[in-house]
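Novice: sequence first, predicted model second:
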Amino acid sequence: MKLPIQFIGAGAGSGKTTAVVKTIVAALLDGSCAPAGLIATTYTVKAAQELRERIRRALLEGGHTALAGQLDLALIGTVHSVCARLLRRFAFEAGISPAVEVLAEEEGARLRAQAVDAASSPEEIRELQRVALRLGQLEARTREFWYPGQLRKLLDEIRSNDFAAEQLPAMAAHAAEEFLSLFPRAATEDLDQRLQQAIETVVSALEQSGNTKKNTADYVDALRRAQKQLAKSDLTWLDWVRLAKSGPADKVAALATPVTDVLARFGEHPRLHADIRDYTRRLFQLAQGTLRCFQELKQKQGVLDFADLEHLSLRLLRENDTARAACREGWQLVIVDEFQDTSPLQLALFMEWAKLARRSVWVGDVKQAIYGFRNTDPRLTDAVVAGLRKAGAADEVLGVSYRSVPELVTLVNELFQKPFADSIGLSPKDVTLTADRKSFPDGAPALEFFDLRSGVAKKDGKGELKLKLNDLAACVADGIRKLLDPKTGRAIFDRQLGQPRPVAPGDIAVLCRKNQHARNMATALSAAGFTVSLGGAGLLATPEGCLALACLRRVADKDDSLAAAEVVALGTCSESEVWLAERLQFLAANPGAADRWRLDGPQADARLVRLEAVRTQSHWLSPTEALDLALAAGEVLATVTAWGPSPERAAQRRANVEALRGMAGRYEDHCRSGRDPATMAGFLNWCAIQQENGADAKASDPSPGAIQVLTYHGAKGLEWPVVLCTDLEEADPADLFDVQSVSPDAGKEVSFENPLAGRSLRFWASPFGSNEAGIPLLDDLQQSRLAQEREAQSRAEALRLLYVGLTRARDLLVLVRLPGQELKWLDLLGATALSTAVDEVTIASGKNIPCRTQILLPTQVTRQASGTPLRWLATASSRTPRVPATLSPSHAKAVPEITAAEPITYGSRLPVIGTVEEAALGDALHAILAAELLNPNTAGREAKVREQLAGFGLATSLEAAAVVAMLDRFRADLAQRFSPSRVLVETPFSFPLPNGQRVSGVMDLLLETPKGWVLLDHKSYQGRRDQWAAKALTFSGQLALYAQALRASGMTLAEVWVHFPVGGGLVKLQQI
């Protein structure tokens, strides 16, 4: 099958985004694509914004203003945003609400945790844990089970491959049998009994041998413990492994042969086979139940998560002829950026897009497919691309590197050609780039090695001691200091200046393999006096985070004495002995007035005074607004700027305050998704949870003078003049026991109609715990074909990640080596010269690449902080009172001139059982009344009302039959009293007031009558009839604004009424 797909292979620094922009602009200009016919998907929101703006800029620079103005008609965004817009357009065809609401990731994780609890009984979890304990499926030190992580991974793989829940039992059985096919056949004899007998024999023989060695005594004790555990069926498979790896003293080792012979048959044990099957079945069963409960929870809340967007979009485009026809007619050009980083489900979605669009362009680089841990599958992508190329798809390779100097381009070309050919079958054309840039005229090497040494000889005089982790980072700091030395350091090419200049800290990036290594490196560089940019947890533990939250806590609660103390201590930087003694004196002199500390008299603290002044204003504000108010009143930005100690560090502190404001926004999104109220107290509690979970990420330093420290994965798509690559000795072995999605059997081509066809899940329930060496059965497993394939996949991904790291540098690449340690990661390239090079590297072609080597020892590096006092924007001495830009009618004050007539009863009271939340009752009655007035007396009303009540949590508080009876009485009264010719329900309005404020709201019910319009507003008040009139007058300000809006629109207002559905009555407002 031939599809109109064009591939653009874009190696590192080859101008991928420029090529995408040119492709799109050319299509817009030649008329083959209109803006509304363009779909472009990117990996991140930021990349989508950049792409849109670059297209717009190119159109404007060419004078095509009309096309630039129409660009918002195009679908440019992430896969999820494009899917969301597609589903909103075809909501009815997809069978969903047009108001597509996407679940926030944090809320999704919370719902999924609830689904896990709902999907399993305590007894089922206990049984799963029993089997997990026997198999050693837990962390030895913390005793935490592995199955929660395995379940998360399993669920992610299921959803990213679009597997149906009904497929899971068969997949579980297949996974277990596949794993057990690598084991010896199950024994028919009772191995437990054989082991019991062998232990009796060996213990007796060892005791009679007279060997008194400690290891012999320990071995005998271990055998006796095992014997007791066997008798109680408590001997775990991990115990079998440990026992097999132990033994008595060498002189009597032969006496243990009866036991070792039985233990060697560990893999034959029928109970082991049964446990592997049972654990796999239970884990997949839990996943199946969790998926079902997760979907039910989302349906109840009316939300979709990212995987739902993809699944529903794929189903829509495969099954709905209306949507397919509309897309086939409208889609003219589809651009898929970074296609190599897509999940299997997204790849299937892109294939459907390609079938419907006139033209598709897939842009990316298979050499940079490094997100396997995010449920992508480079093997599937490679297979699809190979198949499409074989079917005749157009293919273009961007062959010029605009990023790096020629020496680095040549080095990468030579290093990666053969490894990529061997691992993923790439041709030289797919790997080789030509440098656009020129070499530095001074001939300075573009490659450098930092050789880190401890400088401390071993006691035996053979070599040096290994570096400790902190010393390793200190060596790197010393190397960076030398790079920055204007006398001995390096120059880089400044693109803005158009000429070379000395290296600055902001030109340098340090890449680490793991997040923890990056944090250690950042800490060491900061200790050496450098300004470092590294995101990561810990925002709320920073001084600026503590001060900001203390200000908010003081606004939220005047009795929070700790918050007041933190505001004073951090705001004034005074010693605790000073303010603490003064506070104790105040409390002794003013009992019962702890909240007035530092608010009056000469000791008054200006920050606390302002925080107290704004406290009463904060009750109606959202957490974000309250936080902003607290930050201003507490002069937080001015204070943290003054802390310094340098302009760069002050900028970092301000960025952290902004990150806290971002957390407030995320909290509100979290509440919106969960239909929960967003409050200051709730935000403070949520912050504590985020801090405990390590989710309070600090801001990356925004200053240009900060050294960037990040992981290799985080560096993808970025570049710097100078890049240091660390952790080159790290080599992560393939994890045979991780959850993995697998493609069809080798030799079968991927189906273009359905790339997901034939895929399955692989999970091997390891019985070895954390043991990795000295286990014959494990050694045999690692030599199996399936394990070797997994190892090859792991090496290929490590190779791609290394390619990403070595191609980030523009001017200077620094490889950090630890002499005496094998550079296992670099060894994937087969270039031994990189391990030993001093002043030049000889590459495969025989060409020599000049380099420089620095030997670095741990040293203490310090930098003087700026002595200049730092200032933030001055605080205004007074505040100009201003009215809010918008006015909510519900907050309007009562109008004294308005009066209430005698209440009218149209029916009996609606029984409310128990205590209910007023807001939930009001929302439910509003929704039920609106539905009835729009579609009166429909079939199955009572069942629908019952469902609505349940949705608002009122199923046990109101009887559906009673509510339906109330609806009938109310409609009858409206017809008899007003004889309306038209009924308008939930009518929105917005109009300006003379003072410039804008009033916006929704009117519950409007009736067009012969006298004019009648306005009714529903209130869920539950008071007695004699209280209705007084209660109605409290809403007079709100209804006066409604009346003003109606008259402003030219409508004749006849009457205004307040409706009390719980009481079954009406109150007319007069003189309104």
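Specialist: Noted; the coordinates are in hand.

Novice: got the phi/psi numbers for G769?
Specialist: phi 60, psi -140 (degrees, to the nearest 10).

Novice: let me fix that, I meant to ask about A638.
Specialist: phi -60, psi -40.

Novice: that one: neighbour count?
Specialist: Residues contacting A638 under the criterion other CB atoms under 10 Å number 16. (Each C-beta comes from the backbone N, C-alpha and C, glycine too.)

Novice: and for R969?
Specialist: 17.

Novice: what does the one helix or strand F350 maps to contact?
Specialist: Following DSSP states H and E, one finds F350 within helix 344-356. With contact meaning CB atoms under 8 Å, 6 or more residues apart in numbering, helix 344-356 is reached by 3-5, 39, 79, 83, 159-162, 307, 310-311, 313-314, 317-318, 324, 327-328, 331, 334, 336, 339, 342, 360, 362, 375-377, 380-381, 384, 741, 752, 754-756, 759.

Novice: mean confidence (pLDDT) on that helix, please.
Specialist: For helix 344-356, mean pLDDT is 94.

Novice: tell me the helix or strand right after that helix.
Specialist: Later in the chain than helix 344-356, the nearest helix or strand by DSSP H and E is strand 360-364.

Novice: tell me how far A715 lies from A1043.
Specialist: Per CB to CB, to the nearest Å, A715 is found 62 Å from A1043.

Novice: sorry, slip of the keys, the one I care about is M966.
Specialist: 26 Å.

Novice: with neighbour numbers in mind, choose between the two.
Specialist: For M966 and A1043, the more surrounded residue by other CB under 10 Å is M966, and the numbers stand at 24 against 20.

Novice: so R817 bridges to which residues?
Specialist: Residues in a beta bridge with R817, per DSSP bridges, are D451.

Novice: in contact with D117, which residues?
Specialist: With CB under 8 Å, 6+ apart, D117 has no contacts at all.

Novice: for this protein, which spans come out with low pLDDT?
Specialist: Applying pLDDT under 70 to the chain picks out residues 1-2, 535-536, 577, 701-704, 745-752, 771-773, 860-879.

Novice: all helices for the stretch 401-550 of the chain, in order.
Specialist: Shown for the stretch 401-550 of the chain, the helices assigned by DSSP state H, counting those that start in this stretch span residues 406-424, 428-431, 469-484, 515-527, 543-556.

Novice: quick one, which of the ones you listed is packed in tightest?
Specialist: helix 543-556 (a mean of 24; mean count of other CB atoms under 10 Å).

Novice: for it, packing partners?
Specialist: helix 561-572, helix 606-615, helix 623-633, helix 636-643, helix 647-674, helix 680-692 (3 or more CB pairs under 8 Å, 6 or more residues apart in numbering; DSSP states H and E).

Novice: just put these in JSON lines and tack on distance to A798.
Specialist: Shown next, in JSON lines, are the helices and strands packed on helix 543-556 (distance: least, CB to CB, whole Å):
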{"stretch": "helix 561-572", "distance to A798": "46"}
{"stretch": "helix 606-615", "distance to A798": "53"}
{"stretch": "helix 623-633", "distance to A798": "43"}
{"stretch": "helix 636-643", "distance to A798": "42"}
{"stretch": "helix 647-674", "distance to A798": "33"}
{"stretch": "helix 680-692", "distance to A798": "33"}
